[in-house]
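> Need coordinates for the below:
(chains A and B)
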Amino acid sequence: MSLQNVVSGLLLGGMLALIGMGFSLVWGILNIVNLAHAPTIMFGAYITYYFYEGLHIDPFLALPITMGILAIFGFLLQQFLINRIIKSTLLITFLLTFGLEVMFVNLGRLIFSGVPRTVKTDYDSASFSFLSAEVSFKKLAGLGIALILTFLLYLFMSRTKIGNAIRATSMDLNAAKLMGINIANIYTVTYAISAALAGAAGALLSTWNSFTPDEFGKYNIRAFAVVVLGGLGSIPGALIGGLAFGFISEIIGGLTIGSGLDAFTLSPWKEGILFLSLVLVLIIRPQGLMGKEGYR
Amino acid sequence: MISKSRVGVRYRMFTLLATLGLLLSMTLAACGDNTATPVPATTTAAATTSAATTAATTASGATSAAATTAAATGKFDGVIKFGAPLSLTGSLNNESKQTQNGYELWKEAVNNAGGIKIAGKAYSIDITYYDDESKQDKSAQLAEKLIKEDKVNFLLGPYGTNSTKTVSAIAEQYKIPMVEGNGAAESIFSQGYKYTFGVLSPSSNYLAGVVDALAAQSPKPKTVAILSANDNFSVEVADAAKKVAEKNGFQVVVYEKYPNAETNLTSQVAKVKDSNAEILLNSGHLNEAIAVVKAAKELKYSPVAMGFSVGPGLPEFADNLKADANYVLGGSQWTSAVKYKGTDIFASSQKYYDDYKKKFGVEPAYQAADGTACGLAFQYALEKAGTLDPTKVRDTLAGLDIMTFYGQIKFDDRGANIYKPMVVEQWQSGKKVTVWPNDVAETKMLFPTPAWDKRS
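The predicted structure follows:
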């Protein structure tokens, strides 16, 4: 373990927080485990890629456009599809998003092909030294954006009328209805925000490593872990959960006991250990690190 | 209204169940596939789309069969039927397509040259393909279907180590010889099977060429770090690389495995950087290879050489890394630059390259040459055996020793071709050139790799 691992963990954590936030929002408020979240990240990555390759727009400049496109995508998806079955049991909504994921990934293979892509900018690998660690500019910018979006979302939820309505809906559906809140609209707005956040994550991820349409499925599982760690429906929770997940992941990856070839390393079992800690959190603190018991 | 505590309990139950479900499915996905299909959804996805493709392929298979038979009535005395389950859809689709092209190119060349001559009679070749959706179990089922229903005479290999392994069991069971060119793991050949032959260099050779090539450089580097994905094939390659490195007098300072298909490899590369290893070797897959190079640059780690088992051989490697791909080394089964003097219909790599490019419009990757070499092995064995009897053809294959455009094809008693060396390629100024072994190389290896900040 070194300072480098701490830095990498923090940078990775910011990304995971961003992914987890959108997932948490939809789960907490619409009560849907949204497996279509990962393909939305995929769309974000490919939109950024085509903006960069086709129109030479910098991925960071394209970020608001990508988020906008996916907000509209999320809006339409929720308005015309998910809202129709939102009152069904969890199993039905789960099945629908599962089906959507399958469809979108296949659509991705069809449109984008399985050829690996990356958004490779001029400053792609630029980094600065911080004590003994190297800090990548683009990843640091990614962390910054994740923090800004978290803050904006927090402000939106606590200071605006729609934000308050969204929170009211998640706290008590019937009371919210009685207060004249149009639940369907609230759901649509929430889903659109979640899709925009996923799009932002995809846009940032596209500059990290090469990707294919099949690459993104793992982020569903990671988002799930982030949400469970941090606490469902909580914005600071997603941030803490994401940072914790990224941190643990990098620390395990960098952990070496002993030296040379006989050293004991945990790196191959990284995923296993991560999810074991997740199960532990569920047993000891089922509401998550930041969640409130019984509050959804 | 439901009370708060009940909601809490229900939610908690569901969360637990869902976590378990996700964990389970993740494990299944991890066990099932070599090349990363991380979520069950995508696996199922392949299943849904490919039903149509399978139908299409079968249909096209049928038409090509009809065409050949029509031609056969005039020119040929009979048809030899080959069959191959291939990954026409799914995660291995890209590479598998090359294999299919390799088989097709061989078929066309042989049929145009008058077919295979067995005991004075000329036979045309027909190949039936089925789509295994990049799933090993499906490959085995389809191999069985090819043997039992389509009554193929012989099997050509599927794509990938996992599928080759399951199909080899079917070949053994029905005593139908299979020659394969895309399953390199030693574990395929250590099963004691008699009916499976691999024309390609087995996994132990994948990084051996790179290590040998580096051992011959001056000043000779001293330390090596090895990173490996923790799937069977990659670990075999990495283990063998470690042995070869130690034999060549290198000191292996890091030997680390990471989860298969992981592309966030900064912590692993940081560890290598801390060890100050002069050489970084990676045994994994394309996306991981790209990730390792990117992480090395980001962490300002400049080894004198970087070598990969899989990655640099594919054009996508440089498409993604641009100039950062330069100086990177990769092992390859075959390149169009190698200068073997073959006795086969293609005879030279140059002719193979030209024929392939003419037919398919793209350059052949080694996977294509692997496929063609499988056909050549069968062709020679059949002509020598003078019969279509599977057991006799197997015996002839076992004793085969031929020189082809692809290199020497000769099998050890396990059925592996340990006689053909791997070549080493290097990216130089945006072009991939063959730099090792010396007698087939196009140009000299660029060594040592300059530090990241000293590159133009």
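> Residue 280 sits in which helix or strand?
No chain specified, so I'll use chain A. If you go by DSSP states H and E, residue A:280 is part of helix A:270-284.
> I was after chain B.
In this structure, residue B:280 sits in strand B:279-283 according to DSSP H and E.
> gap between that strand and the chain center?
Chain-centre distance of strand B:279-283: 19 Å, with CA atoms, centre = their mean, to the nearest Å.
> average pLDDT for the next helix-or-strand element following that strand?
Following strand B:279-283 in sequence order, the next helix or strand is helix B:286-298 (DSSP H and E). Here helix B:286-298 scores 93 as its mean pLDDT.
> Likewise for stretch A:29-47?
95.
> Okay, residue B:108 and residue B:355: tell me how far apart.
9 Å (CB to CB, to the nearest Å). The way it works is simple: take the backbone N, C-alpha and C, and place the C-beta from them, glycine included.
> out of the two, which sits in the busier spot?
Neighbour totals were compared for residue B:108 and residue B:355, and residue B:355 leads with 17 against 13 (other CB atoms under 10 Å in any protein chain shown).
> show me what contacts that one?
Shown in contact with residue B:355 (CB atoms under 8 Å, 6 or more residues apart in numbering or on different chains): B:105, B:109, B:346.
> before we move on, what about residue A:42?
Applying CB under 8 Å, 6+ apart to residue A:42 gives the contacts A:104-105, A:108, A:202, A:211, A:213, A:215-216.
> Name the helix or strand for it, please.
Under the assignment here (DSSP H and E), residue A:42 is part of helix A:37-55.
> What of residue A:22?
Assessed by DSSP H and E, residue A:22 sits inside helix A:3-30.
> Tell me if that helix is near chain B.
Yes. Against chain B, helix A:3-30 shows contacts by CB under 8 Å from any CB of the partner chain at A:4-5, A:8, A:12.
> angle of that helix against helix B:286-298?
Relative orientation of helix A:3-30 versus helix B:286-298 (axes from the mean of the first three to the mean of the last three CA atoms, to 10 degrees): 130 degrees.
> Now do the same for the closest residue to chain B within the stretch 51-200 of chain A: helix, strand or coil?
Of all residues in the stretch 51-200 of chain A, residue A:125 sits closest to chain B, at 3.8 Å by CB to the nearest CB. Put simply, residue A:125 is coil when judged by DSSP: H, G, I helix; E, B strand; the rest coil.
> Burial check on it, number of neighbours?
The local packing of residue A:125 (other CB under 10 Å) involves 22 other residues.
> In contact with the residue nearest to it when sequence neighbours are not counted, which residues?
Nearest non-adjacent residue to residue A:125, counting by CB to CB, 6 or more residues apart in numbering or on different chains: residue B:297, 3.8 Å away. Applying CB under 8 Å, 6+ apart to residue B:297 gives the contacts A:124-125, B:324, B:452.
> Who wins on neighbours among these?
Using other CB under 10 Å as the neighbour test, those are led by residue A:125, with 22 neighbours.
> Quickly note the distance from that residue to residue B:323.
Note on residue A:125: its distance to residue B:323, by CB to CB, is 11 Å.
> same check, this time on residue B:107
From residue B:107 across to residue B:323, the span is 40 Å (CB to CB).
> Of those two, give the one with the bigger neighbour count.
residue B:107 (20 against 13).
> Could you tell me the per-residue confidence at the more buried one?
pLDDT recorded at residue B:107 is 96.
> pLDDT-wise, which helix or strand of chain B ranks last?
Lowest mean confidence among the helices and strands of chain B (mean pLDDT, DSSP states H and E): helix B:40-75, at a mean of 43.
> For the residue in the stretch 351-456 of chain B that chain A sits nearest to, list the residues it contacts.
Residue nearest to chain A within the stretch 351-456 of chain B: residue B:452 (7.6 Å; CB to the nearest CB). For residue B:452, the contact set (CB under 8 Å, 6+ apart) comprises A:125, B:296-297, B:300, B:302.
> The closest residue to residue A:250 other than its chain neighbours and residue A:252: what is the separation?
Leaving aside its sequence neighbours, residue A:250 sits nearest to residue A:9 (CB to CB, 6+ apart; 3.4 Å). From residue A:9 across to residue A:252, the span is 10 Å (CB to CB).
> The two: which is more packed in?
The neighbour comparison of residue A:9 against residue A:252 (other CB under 10 Å) goes to residue A:9, with 25 against 22.
> in stretch B:187-201, what counts as buried?
Within stretch B:187-201, the residues scored as buried using 16 or more other CB atoms under 10 Å in any protein chain shown are B:187-189, B:193-201.
> correction: stretch B:339-348
The neighbour-count check on stretch B:339-348 (16+ other CB under 10 Å) flags B:340, B:342, B:344-346, B:348 as buried.
> Endpoint to endpoint, stretch B:336-344 covers what distance?
End-to-end distance of stretch B:336-344 (CA to CA, to the nearest Å): 16 Å.
> Then stretch A:123-137?
One end of stretch A:123-137 sits 8 Å from the other (CA to CA).
> Run the chain-centre distance for it.
So, by CA atoms, centre = their mean, the centroid of stretch A:123-137 is 24 Å from its chain's centroid.
> Just the mean pLDDT for it, thanks.
Taken as a whole, stretch A:123-137 carries a mean pLDDT of 88.
> May I see the buried residues of it?
Buried-residue list, stretch A:123-137, by 16+ other CB under 10 Å: A:124-125, A:127, A:133-136.
> Please apply the same query to stretch A:105-113.
Neighbour counts over stretch A:105-113 (16+ other CB under 10 Å) mark A:105-109, A:112 as buried.
> same check, this time on stretch A:85-102
By 16+ other CB under 10 Å, the buried positions in stretch A:85-102 come out as A:86, A:93-94, A:96-102.
> Make a markdown table from those and add pLDDT to it.
A markdown table is the format used below for the buried residues of stretch A:85-102 (pLDDT from 0 to 100):
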| residue | pLDDT |
| --- | --- |
| A:86 | 88 |
| A:93 | 92 |
| A:94 | 91 |
| A:96 | 95 |
| A:97 | 95 |
| A:98 | 95 |
| A:99 | 95 |
| A:100 | 96 |
| A:101 | 95 |
| A:102 | 94 |
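> what pairs with the top strand by length along chain B, and is each one parallel or antiparallel?
When chain B is scanned for its longest strand (criterion: DSSP state E), the result is strand B:121-131. Strand B:121-131 has the following strand partners under DSSP bridges: strand B:78-86 (parallel), strand B:116-118 (antiparallel).
> give me the subset of the buried residues of stretch B:187-201 touching chain A.
Applying CB under 8 Å from any CB, the subset of these adjacent to chain A is empty.
> Just give me the closest of those to chain A.
Nearest to chain A among these is residue B:187, at 18.4 Å by CB to the nearest CB.
> Under a three-state scheme, what state does the residue positioned nearest the centre of chain B occupy?
The centre of chain B sits closest to residue B:182, judged by CA atoms, centre = their mean, with a distance of 4.2 Å. Following three-state DSSP, residue B:182 is assigned to coil.
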